[in-house]
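> coords please:
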Amino acid sequence: MTLEMRIGLGQFNVLTDEKLAYIKQLGADDFLMNTPKLPGEKRWELEDLVDLKKRADNAELRLMALENVPIPFYDKAMLGLPGRDEQIEHMKYTIRNMGKAGIPILGYHWIPSSVWRTPDPAVLRGGATATRFDFEAHRDAEPTFGRIFTADEMWENYEYYMSRILPVAEESNVKLALHPDDPPIPMLGGVARIFSSFEGFKRAMDTFDSPYHGLDFCMGCWSEMGGHDYVIKAVRHFGGAGRIIYVHFRDVQGNVPCFNECFINEGNADPYEVMRTLKEVGFTGFMITDHVPRFVDDTDWHHRGRAYAIGYMTAMLEVVNKRQPAPA
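Residues are numbered from 1 along each chain as shown. Below is the predicted model:
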């Protein structure tokens, strides 16, 4: 079955009946889980992955991706520490099990110190809140792992890891989708962030050139890097080469070193133009809301904020499709 560009949902780690119903009610047939809470401190077992897939199938939904394993699954691999080879073997095991379970995408990042945000949220229209980042608040942060890890080290570790993991992904029919550093600062907490620019992604895609390796294209992170034009440049280059696997459709106001997340239509980028360009370059994957503002009386998972973003995305996609019908 050939699928077209479409709307999905994600950013949750436990698959409940409520989540399945909510996804269906929003008209999204695709979803991903972010760092799913599954048994196993080092790897994921086949029966647990099969159970997730069966539950999605029974709800007439498509479980398209698992986005991120727990950082302790491969932190030594990211940092080049003793024990990385054992972690890599466990990652191979997990990827093989995903393939056997029929889960086609593993989203991943190269951020051992995780996503950083400045504590106090930004206040948006009507008192809605969203996350923000101000580098000045973190400039003097102590090294997260006790010392400086340079860009050269992080690249060496990345290439060591991918040269061993990608062949297993290819054999298992599982695509690997790389997420940008967030925030895209060259170094935070003493760890170089090598996926904070167009050049970093180009190097990764050129070095590991495979139909099973591409981008988890986070529009918000690319907007953090350089705004609307930077987003469009990346969509045209990587989307035109068929390397965008799926999209985090969110945006920010401002660029690094200081920005905040925002409503989907109030950021740096023109969301309609981004979606139109994705269609133009032949993108046929799914787009999720990713982070959203918190509305009044919202839940911890921001059901209201997600519904607003999904509605906006759905309307834009209908217009894009009417103006740019798929080739016959």
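> Strands along the chain, start to end?
Listed in chain order, the strands of the chain (DSSP state E) span residues 6-9, 30-34, 62-67, 105-108, 118-123, 129-134, 175-178, 187-188, 191-192, 213-218, 244-248, 252-253, 258-261, 286-288.
> so Leu176 makes contact with Asp216?
No. Leu176 lies out of contact with Asp216 (Cβ atoms under 8 Å); the separation is 9.2 Å. Heads up, the C-betas are built off the backbone N, CA and C, glycines and all.
> list residues touching both of the two?
Common contact partners of Leu176 and Asp216 (Cβ atoms under 8 Å, 6 or more residues apart in numbering): Tyr108.
> Low-confidence regions, the stretch 201-328 of the chain specifically.
325-328 (pLDDT under 70).
> Which parts of it are helices?
For the stretch 201-328 of the chain, applying DSSP state H, counting those that start in this stretch gives helices covering 219-234, 240, 271-280, 303-323.
> ranking those by burial, who's on top?
Each of the helices of the stretch 201-328 of the chain was scored by mean neighbour count; the highest is helix 219-234, a mean of 22, by mean count of other Cβ atoms under 10 Å.
> Run through the residues that contact the closest residue to Pro180 other than its chain neighbours.
With Cβ to Cβ, 6 or more residues apart in numbering as the criterion, Pro180 has its nearest non-adjacent residue at 3.8 Å, and that residue is Cys221. By Cβ under 8 Å, 6+ apart, the residues touching Cys221 are His179, Pro180, Asp181, Asp182, Pro183, Pro184, His248.
> out of those residues, who's nearest Trp301?
Distance to Trp301, by Cβ to Cβ, is smallest for His248 among the contacts of Cys221, at 16.0 Å.
> how many neighbours does the closest one have?
23 (other Cβ atoms under 10 Å).
> can you check Asp57 too?
12.
> Distance check, it against Trp301.
Distance of Asp57 to Trp301, given as Cβ to Cβ, to the nearest Å: 23 Å.
> Neighbour count: Leu176 and Asp216, which is higher?
Legend: neighbour count by other Cβ under 10 Å for Leu176 and Asp216, higher for Asp216 (27 against 23).
> Name whatever forms a beta bridge with the more buried one.
Tyr246 (DSSP bridges).
> got the contact list for it?
Counted by Cβ under 8 Å, 6+ apart, Asp216 has contacts Glu67, Gly107, Tyr108, Ala177, Leu178, His179, Ile245, Tyr246, Val247, His248.
> Widest-spaced pair of these?
So, those by Cβ to Cβ: farthest apart are Tyr108 and Val247, at 15.7 Å.
> more crowded one of the two?
Val247 (26 against 20).
> Quick check: nearest residue in space to the more buried one, chain neighbours excluded?
Distances taken as Cβ to Cβ, 6+ apart place Met287 nearest to Val247, at 4.2 Å, with adjacent residues excluded.
> What is the neighbour count of that neighbour?
Neighbours of Met287 using other Cβ under 10 Å come to 28.
> Give the bridge partners for it, please.
According to DSSP bridges, beta-bridge pairing links Met287 with Ile7, Val247.
> Would you confirm that it contacts Glu4?
No. The pair Met287 / Glu4 is not scored as a contact, 11.5 Å apart, by Cβ under 8 Å.
> with the contacts of Cys221 in mind, which one is nearest to Ile103?
Looking across those and measuring by Cβ to Cβ, the closest to Ile103 is His179, at 17.2 Å.
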